[in-house]
Each structure stands twice: as structure tokens, then as C-alpha cells.
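[1] All I have is the shape, not the residue letters:
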């Protein structure tokens, strides 16, 4: 169900993706895909 | 553009035609309707698209359909048809026993990313874990799928019940012309909780992966994604400590159960919400359990100090299943064999 986001949640989302991108720039290892 | 592998695992049903000894399933739960799943798949496609645009990153949408046994869902083909109409080719996780000539004729009309079929070892071992006659059914299913050029990957849940069958599994993979063979570890939940004593010790697990490495397999893809296995098999593992990888819980996957419950991993039954009432995007960014999985300092018993945290984190589901801590999902993977000398 789609809901409106508050500013704080959006900041957390941005923080997550920025960290992922920073690490991806250094390369990627195998991810467990179950 | 940077590319990030992300997948959404959808358990369409908890119904299953088998009663495997190691199954993680506990109780039967209700199932969302076709229309509810359709809405969710549209939502996922839009969400991934928004993330790609907003964060300038490529995220190929991978949806894994499973169960229970997904082919028991009466509208399975309607679901796949809808996904195909939305340019999504699902990856199917199945026990393979329901795939016959009639089913193949229906599968041929649709597009799939691939099929993952469970195999536990040689015929005696497989039938002992999954039930009499299942090995032969799986063999025939794979022959039918490969004759139609579908991609087929075998997946083995390793424990003391089957880890000595490695040579048989390699032989089977070659003879059955599969595209890959992978391994995951027994998680002692559901029916599998009775097999606690059959879990491999850390040293047994390490020996298994060392043995696997010594086989130098080139005839099919080796799908070892268990981070502890990767630490043995990937010669560049130590060079990747600042990259992205390891357990997908909280990082690169989310799982939705048949009633819409959102969990970090199917083998980690902690409800984070429900797709009927909650926004998955909000949960992904703001849920306390998912957030905790992303903070190294919160991990325990050495995992928080491990050099390989970025690309490992062990198996969070196994840690959770055996931990006595309140937030046991942050405990050390009890099968971890990365020695203290590797931890800085």
C-alpha cells in the first residue's frame, strides 16, 4: 500500500542508497540469494 | 551506471505436496488473491523505477515466486502472465515434482528468468529427506525443462544428512545438463527444528566448501552465495572487504509471505508489516529491524569487529534461529569459521 513519506523517512532512504552506491564504487562481492 | 542486484521473494502459497524433513515452514496461512498480488507487482515495478531514477542506479527487478510449492497455486499461470505483460520474467523456486508434459506445454507459452529445483543428494538421500519417488520426478522434470531450453539450477540444503553426497551432486548436475548447482544451509526452524543436531559444525562446513573448491568445477555454474562458502571459494574475497555482498537480509532482498506479511528473509520469521496495510518503501527505509541489520556496531560476539562484515554478516536467519538474545538476528552466525586471526 502506497503512503505519503515524511521527510525523516526520506532522509533514511537517501542515506541507505548513498551508502550502497559508495560501496558499489569499490566493487561488489557475491550476495546470498537464498 | 552502478548496478545493484535486488530481489523480492514472494511466497504465493504455504501449501505443499511434500513434507520435507528440513522444511522451514511452520503453519499454514491464508493467501492473497490474484488481484492483490497484481497490485503489489505493479507497486514493486514503480518503486524500483523510482529508486533507479532518484538515486541514479540500475536495479534489475528480480521477482522470485515460490511457496510452499508455487505450482499448487491454481492461478500460477495467470500470475506469470501478468508479470510477463509488465516485462518481468520471474524466477521460480520449486520442488519440481509437479512439472510434467502438460505443465511444460503451459510453461512454454511464458517467459521465465529460470527455475531453481531442490535436490538433496543421491536418490536414497533425496527420497529420504523429501519422500519416496521424488528423486525420479525431479529428474524427469529437469529433462523436460532442459529439452525446452529453460535455465535450471539445483539447490541443496546442506546438513549432516547429505554433505557426503557432494560427488553425487556434481555427477547429477553434469548428467542432467543443469545450468548451475548451489548450496544453502539448514536453518533449524519449522520442521527443520527437529534436525538441530544435523547442522554441520563450523569446521565441517569449512571442509565441505574446501572439498567443493578442490573439484575445480567448470562444466556448470557454481552458485555458492552462502557468505561463509564464498569466503572459501572466492580467491578475491579478502580484496572485497569494502564492497557490497553477503547476507541479503536488510540489504538486497525482501520477502513477502502468502498472506502479505513482510519479513527480512523467509527463514527469519519476524513480521515487519503487511503489504495490504503498510508501504514497503517506508518499511525498507524506516523499519527498526532492517535498520539494525545495516549497522555493524550493533552486531554481536565478534561479527561487529569482523573485517569481512561488508561482504559477509554470516546467515542472519541461522543466527536468529539459535540465539537466545532478544535481538538475536544480530548475533554471530554459530557456524562461522572465520578465525580470530581474520578479525581486526
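    Now that the structure is in, tell me what you want to look at. All values reported here derive from a predicted model rather than from experimental measurement.
[2] alpha carbons only for contacts and neighbour counts from here, please
    Fine.
[3] In chain A, mark out all the helices, start to finish.
    A:7-24 (DSSP state H).
[4] mind checking which helix or strand of it has the lowest mean pLDDT?
    Least confident helix or strand, chain A: strand A:28-31 with a mean of 74, by mean pLDDT, DSSP states H and E.
[5] check whether it contacts chain B.
    Yes. Strand A:28-31 reaches chain B (CA under 8 Å from any CA of the partner chain) through A:28, A:29, A:30, A:31.
[6] and that strand, what does it pack onto?
    helix B:227-233, strand B:244-246 (3 or more CA pairs under 8 Å, 6 or more residues apart in numbering or on different chains; DSSP states H and E).
[7] Kindly confirm my reading that residue B:18 is in a helix.
    No. Counting by DSSP: H, G, I helix; E, B strand; the rest coil, residue B:18 is not found in a helix; it is coil.
[8] That one and chain A, how far apart?
    Applying CA to the nearest CA, to the nearest Å, the value for residue B:18 to chain A is 20 Å.
[9] Next, count neighbours for that residue.
    Using other CA atoms under 10 Å in any protein chain shown, residue B:18 has 15 neighbouring residues.
[10] if I look at it, how far off is residue B:189?
    17 Å (CA to CA, to the nearest Å).
[11] And residue A:3, by the same measure?
    Per CA to CA, residue A:3 is found 34 Å from residue B:189.
[12] okay, these two: which has more neighbours?
    More neighbours surround residue B:189 than the other of residue A:3 and residue B:189, with 23 against 11 (other CA under 10 Å).
[13] so the more buried one makes contact with residue B:267?
    Yes. Applying CA atoms under 8 Å, one finds residue B:189 in contact with residue B:267, separated by 7.4 Å.
[14] Show the average pLDDT along the strand or helix carrying residue B:210.
    If you go by DSSP states H and E, residue B:210 is part of helix B:202-214. The pLDDT scores in helix B:202-214 average 97.
[15] Sheet partners, orientation included, of the next helix or strand after that helix?
    Sequence-wise, the next helix or strand downstream of helix B:202-214 (DSSP H and E) is strand B:221-224. Using DSSP bridges, strand B:221-224 pairs in its sheet with strand B:180-185 (parallel).
[16] And the contacts of the strand it pairs with?
    Identification of contacts with strand B:180-185 by CA atoms under 8 Å, 6 or more residues apart in numbering or on different chains yields A:34, B:152-159, B:170, B:173, B:220-226.
[17] how far off helix A:7-24 does the longest helix belonging to chain B point, in degrees?
    Criterion DSSP H: the longest helix present in chain B is helix B:34-55. Helix B:34-55 runs at 70 degrees relative to helix A:7-24, counting by axes from the mean of the first three to the mean of the last three CA atoms, to 10 degrees.
[18] what residue ranges in the chain score low on pLDDT?
    Chain wasn't specified; assuming chain A. Low-confidence segments of chain A (pLDDT under 70): A:33-34.
[19] um, chain B though
    B:339-344.
[20] and whichever helix or strand comes after the longest helix of chain B, which strands flank it?
    With elements assigned by DSSP H and E, the helix or strand that comes after helix B:34-55 is strand B:61-66. As defined by DSSP bridges, the strand partners of strand B:61-66 come to strand B:6-11 (parallel), strand B:91-94 (parallel).
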